[in-house]
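A.B. asks: Sharing a model prediction with you, sequence too.
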Amino acid sequence: MIPPRFDAAYLDNPAPAYPSLARRMGEQGKVLLRVRVNAGGQAEDVQVKTGSGHPRLDEAALSTVKQWRFVPARQGDQPVAAWVLVPIVYRLEGW
């Protein structure tokens, strides 16, 4: 059996918005999301694997990535569902 290959191409998905309150409060961090991408390239399950320490940033990342489209994993030449890790970094310039 050939193991699935997943190149995690994010296509042209929009970056998550930086929540305005989080920006004003100087919140920064990295959210690591665990995403189950179905054979059609849709995010069918999105979970926070590692939070940023700021719930506003985590929620913004979750809600945006749920709408993303991906290039699905392949097993041979067949698209298959697979999990992928997606890092989202929120950084304020000049901080």
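C.D. replies: Structure's in. What do you need? Numbers count the residues shown, from 1 in each chain.
A.B. asks: Dig out what Val89 forms beta bridges with.
C.D. replies: Lys30 (DSSP bridges).
A.B. asks: Might one say that it is in contact with Lys30?
C.D. replies: Yes: counting by Cβ atoms under 8 Å, Val89 touches Lys30, with 4.9 Å between them. Quick note: C-beta positions are derived from backbone N, CA and C, even for glycine.
A.B. asks: Remind me which helix or strand Leu21 belongs to.
C.D. replies: Secondary structure assignment for Leu21, by DSSP states H and E: helix 20-24.
A.B. asks: buried ones in that helix?
C.D. replies: Ala22 (16 or more other Cβ atoms under 10 Å).
A.B. asks: That helix packs against which elements?
C.D. replies: With contacts defined as 3 or more Cβ pairs under 8 Å, 6 or more residues apart in numbering; DSSP states H and E, helix 20-24 has these neighbours: helix 55-65.
A.B. asks: Pull the distance from the helix it packs on to the chain's centre.
C.D. replies: How far helix 55-65 lies from its chain's middle: 9 Å, per Cα atoms, centre = their mean, to the nearest Å.
A.B. asks: next helix or strand past that helix?
C.D. replies: Downstream of helix 55-65 (by DSSP H and E), the next one is strand 73-75.
A.B. asks: Please identify the buried residues of that next one?
C.D. replies: Applying 16+ other Cβ under 10 Å to strand 73-75 flags 73-75 as buried.
A.B. asks: What's the first helix or strand after that strand?
C.D. replies: Note on strand 73-75: by DSSP H and E, the next helix or strand toward the C-terminus is strand 78-80.
A.B. asks: Give the pairing partners of that following strand; include direction for each.
C.D. replies: Strand pairing for strand 78-80, determined by DSSP bridges: strand 73-75 (antiparallel).
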